[in-house]
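K.L.:
would you be able to build a 3D model of this:
(2 chains)
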2 protein chains.
Amino acid sequence: MRIDIPFAAGLLRANDKFEILCHAAPDGDTVGCGFALCRVLQQMGKQAFVTVDDVIPACFDYLFPAVEKQSFAPEFIIAVDVATLDMLGSETHVAKYRGRIDLCIDHHASNTDYAKYTLLETEPEASAAAETLLQVFYAMGALVDPMTADCIYTGIATDTGCFRYTNTTSRTFRIAADLLDKGARLELINKRNFDTRTKTYSALEALALATLNTYFDGKCAMLDITQEMYRLSGSDESEAHPLKALPRQVEGALVGVTVKEEKDGRFRASVRTNSPVDACNICKRFGGGGHKRASGCDLPGDTIDEAKKNILESIRIELEKL
Amino acid sequence: MRIDIPFAAGLLRANDKFEILCHAAPDGDTVGCGFALCRVLQQMGKQAFVTVDDVIPACFDYLFPAVEKQSFAPEFIIAVDVATLDMLGSETHVAKYRGRIDLCIDHHASNTDYAKYTLLETEPEASAAAETLLQVFYAMGALVDPMTADCIYTGIATDTGCFRYTNTTSRTFRIAADLLDKGARLELINKRNFDTRTKTYSALEALALATLNTYFDGKCAMLDITQEMYRLSGSDESEAHPLKALPRQVEGALVGVTVKEEKDGRFRASVRTNSPVDACNICKRFGGGGHKRASGCDLPGDTIDEAKKNILESIRIELEKL
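P.N.:
Have a look, this model is predicted:
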């Protein structure tokens, strides 16, 4: 059942012994919401704890002091920023909570209404679940202290790519202003989430960028990442992720491709597209897939040049449709 | 003479035939201010044009329609986002305006008061000259239409690194909210300024990143930009700006420095710092200045290695204060 903000505030006031569920592969929004909600409930003298079926990335460790460790049998279960039950984690974990979630506070239009009560702002869509959660705190008359402000700010800043994505609205900016006034630590939060690069990542980026090339009159931009680059830069595959965003940013590119050499010598493509090119179509020809704007696939080929030739042929077919 | 916002508004209302000067190596703030001010004055039925002693980077071309081309003998000269006369451009250009600038609207604490009247908000420092300029528009009762909102938003977004830098205050966020409500095109502005990279910029970044080095136990990170890199990458100085943000992002770095070789063979440092290191102190030793977290200076030295040795010595002094 869909509910509004005052109703959600009423549920939180009326209940006790809360368990708060974040989604697996936790991001700043689910972690920020989980910790903010737990803190506010604990400050009201209620019992609350947060459950995450995954490791919380170290970049969020400044939020850990927000909550006090408590252990008890929960009576009211809340999921935050969780669009589908599957997002909670492993199959066992999901099975444990199926049919047992009382309240979901989310911002995904695709929410499957798995909870008894679901709070979801749609007009306009909230930039982050944290944006909606803050409205609930206001409706409860809850204290939003500096640490709670940090949690909510983290959710909003990370889900908007630091106010860059189109989900940023004027309300988002006004909330950010209020959170700064309440003591959110902008410098710390931004440094941890948007403004840290390792020396090894920088070296890897330099090597990969040197391979950047364009094809089809600049409509496709491609860069390579090889095992040799990891060796030379002292980095490894875990640092390669941000590079995948770079080729699509090249001026005029509709398709951005990163071709990665894997440890076993095989090649894998990561494809990002601008509207209207379908990244999924490009990757499906090699048995891969994903989303319209971001997909991936393994590539046939014994050398990186062969692998690139293959993905370029698939891209040519998609570009010819335009 | 330092003036306040109502006084600046009065000067703009009382005068006509304006020439508006932007600084050379124009960034989003000086261009945004120049075009916003010119547009507002033209909309008031006054004559105004913008002068830039340099090429305006193409990433700002969505602002070009903001102003109408006008040609006349100016009677009132305004510099926007220009901390020192030298920033205006070539020696001939600077000489032409020396002692002739009536009003300066700026946000650099290091402003040298070269203008007859200087408007500078210091408590707190405005994130961008555009933030102060908007207050002047409000004081004038001027119309801020969608195009003017684009100009001001561009100035603020670029000078705050899209609300990432510590010059972002709650007022900055509230202004951003108001500008969105007035029609600023967040998606377009962000795409052009934060989500587009040219092939030549990517090549330049690769070459520059390859020089990234750290000093003082990693507390300082530095990269070089040389004329040779521009030649090899097919880029030029106008594309170098985003590189200045990179060294400070290196994990553990308190000071990030970019040492640029200029066309005339001289060297220039751009210094960005994390709290508590004072970038302005580092640059003042060489006659430069700017902000606490972002400053610049020319460097003595016949080779880039000599220039780097000089700035490193100044950084050493600042780091020893910690």
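
K.L.:
do you know the pLDDT at the closest residue in space to residue A:12 that isn't next to it in sequence?
P.N.:
Closest residue to residue A:12 apart from its sequence neighbours, by CB to CB, 6 or more residues apart in numbering or on different chains: residue A:140 at 6.1 Å. Backbone N, C-alpha and C define where each C-beta goes, glycine included. On pLDDT, residue A:140 comes in at 97.

K.L.:
equivalent analysis for residue A:275, please.
P.N.:
pLDDT, residue A:275: 82.

K.L.:
same question, residue A:122
P.N.:
80.

K.L.:
can you tell me the closest non-neighbouring residue to it?
P.N.:
Per CB to CB, 6+ apart, closest to residue A:122 is residue A:109, 6.5 Å.

K.L.:
repeat that for residue A:191.
P.N.:
residue B:274 (7.2 Å).

K.L.:
so the one you found sits right up against residue A:190, yeah?
P.N.:
No: look at residue B:274 against residue A:190 with CB atoms under 8 Å: they stay out of range, at 10.9 Å.

K.L.:
next secondary structure after the helix or strand of chain A with the lowest mean pLDDT?
P.N.:
Within chain A, confidence by mean pLDDT, DSSP states H and E is lowest for strand A:289-290 among all helices and strands, at a mean of 74. Per DSSP states H and E, the first helix or strand lying C-terminal to strand A:289-290 is strand A:294-299.

K.L.:
what's the offset of the next helix or strand after that following strand from the middle of its chain?
P.N.:
Next in sequence after strand A:294-299, counting helices and strands by DSSP H and E, comes helix A:304-320. Relative to its chain's centre, helix A:304-320 lies at 29 Å (CA atoms, centre = their mean, to the nearest Å).

K.L.:
ok, stretch A:46-64 next?
P.N.:
The mean C-alpha position of stretch A:46-64 is separated from the chain mean by 15 Å, CA atoms, centre = their mean.

K.L.:
let me see the domain layout of chain A.
P.N.:
Residue ranges for the domains of chain A, per automatic domain parsing: A:5-194, A:199-320.

K.L.:
distance to residue B:85 and mean neighbour count added to these, as JSON lines?
P.N.:
Shown next, in JSON lines, are the domains of chain A (distance: least, CB to CB, whole Å; neighbours: other CB atoms under 10 Å in any protein chain shown):
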{"stretch": "domain A:5-194", "distance to residue B:85": "32", "mean neighbour count": "20"}
{"stretch": "domain A:199-320", "distance to residue B:85": "34", "mean neighbour count": "18"}
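
K.L.:
between those domains, which one is nearest to residue B:48?
P.N.:
domain A:5-194 (29.3 Å; CB to CB).

K.L.:
measure that closest one end to end?
P.N.:
The first residue of domain A:5-194 is 31 Å away from its last residue (CA to CA, to the nearest Å).

K.L.:
now find how far off-centre it is within its chain.
P.N.:
That offset, for domain A:5-194, works out to 13 Å (CA atoms, centre = their mean).

K.L.:
ok, back up a step: how close does the residue nearest to residue A:191 get to residue B:220?
P.N.:
Using CB to CB, to the nearest Å, residue B:274 is found at 11 Å from residue B:220.

K.L.:
what touches both of the two?
P.N.:
Residues touching both residue B:274 and residue B:220 (CB atoms under 8 Å, 6 or more residues apart in numbering or on different chains) are B:253, B:254, B:255.

K.L.:
need the pLDDT of the first one.
P.N.:
Confidence per residue is given as pLDDT, and for residue B:253 that number is 95.

K.L.:
which non-adjacent residue is nearest it?
P.N.:
Once flanking residues are discounted, residue B:253 sits nearest to residue B:221: 4.1 Å by CB to CB, 6+ apart.

K.L.:
show me what contacts that neighbour?
P.N.:
A:199, B:212, B:213, B:214, B:215, B:247, B:248, B:250, B:253, B:255, B:256, B:257.

K.L.:
make it 10 Å
P.N.:
Listed by CB atoms under 10 Å, 6 or more residues apart in numbering or on different chains, the contact partners of residue B:221 are A:197, A:199, A:202, B:212-215, B:246-258, B:272.

K.L.:
cool, residue A:263 as well?
P.N.:
Residue A:263 neighbours (CB under 10 Å, 6+ apart): A:227, A:230, A:236, A:237.

K.L.:
my guess is residue A:269 contacts residue A:259, does it?
P.N.:
Yes: with contact defined as CB atoms under 10 Å, residue A:269 counts as touching residue A:259 (5.4 Å).

K.L.:
list residues touching both of the two?
P.N.:
A:222, A:299, A:307, A:308, A:310, A:311.

K.L.:
so which of those comes closest to chain B?
P.N.:
residue A:222 (11.2 Å; CB to the nearest CB).

K.L.:
beta partners for that closest one?
P.N.:
residue A:213, residue A:257 (DSSP bridges).

K.L.:
contacts only, for it.
P.N.:
Residue A:222 touches A:211-215, A:247, A:250, A:253, A:255-259, A:269, A:271, A:308, A:311-312, A:315, counting by CB under 10 Å, 6+ apart.

K.L.:
7 Å - rerun?
P.N.:
A:213, A:215, A:247, A:257, A:259, A:308 (CB atoms under 7 Å, 6 or more residues apart in numbering or on different chains).

K.L.:
what of residue A:318?
P.N.:
By CB under 7 Å, 6+ apart, the neighbours of residue A:318 are A:277, A:278, A:281, A:282.

K.L.:
now, which of those lie within helices?
P.N.:
Under the assignment DSSP state H, the contacts of residue A:318 contribute A:281, A:282 to helices.

K.L.:
if we check chain B, which of the contacts of residue A:318 are in contact?
P.N.:
Near chain B, judged by CB under 7 Å from any CB of the partner chain, there are no entries from the contacts of residue A:318.

K.L.:
looking at the contacts of residue A:318, which is nearest chain B?
P.N.:
Looking across these and measuring by CB to the nearest CB, the closest to chain B is residue A:277, at 16.1 Å.

K.L.:
you'd agree that closest one is up against residue A:256?
P.N.:
No: with contact defined as CB atoms under 7 Å, residue A:277 and residue A:256 do not form a contacting pair (10.0 Å).

K.L.:
where's residue A:62 relative to residue A:191, distance?
P.N.:
Counting by CB to CB - residue A:62 and residue A:191 are separated by 10 Å.

K.L.:
scratch that, residue A:112
P.N.:
Counting by CB to CB - residue A:112 and residue A:191 are separated by 36 Å.

K.L.:
quick one: low-confidence parts of chain A?
P.N.:
In the prediction, chain A carries no residues with pLDDT under 70.

K.L.:
and the spatially most central residue of it, backbone torsions?
P.N.:
Centre of chain A computed as the mean C-alpha position; nearest residue by CA atoms, centre = their mean is residue A:27, 4.9 Å away. Backbone torsions for residue A:27, taken as degrees, to the nearest 10, come to phi -110, psi -180.

K.L.:
that one touches residue A:158, doesn't it?
P.N.:
Yes: with contact defined as CB under 7 Å, residue A:27 counts as touching residue A:158 (6.0 Å).

K.L.:
which positions in the stretch 51-200 of chain A make contact with chain B?
P.N.:
A:162-164, A:166, A:168-170, A:173-174, A:176-177, A:180-181, A:186-187, A:190, A:194-199.
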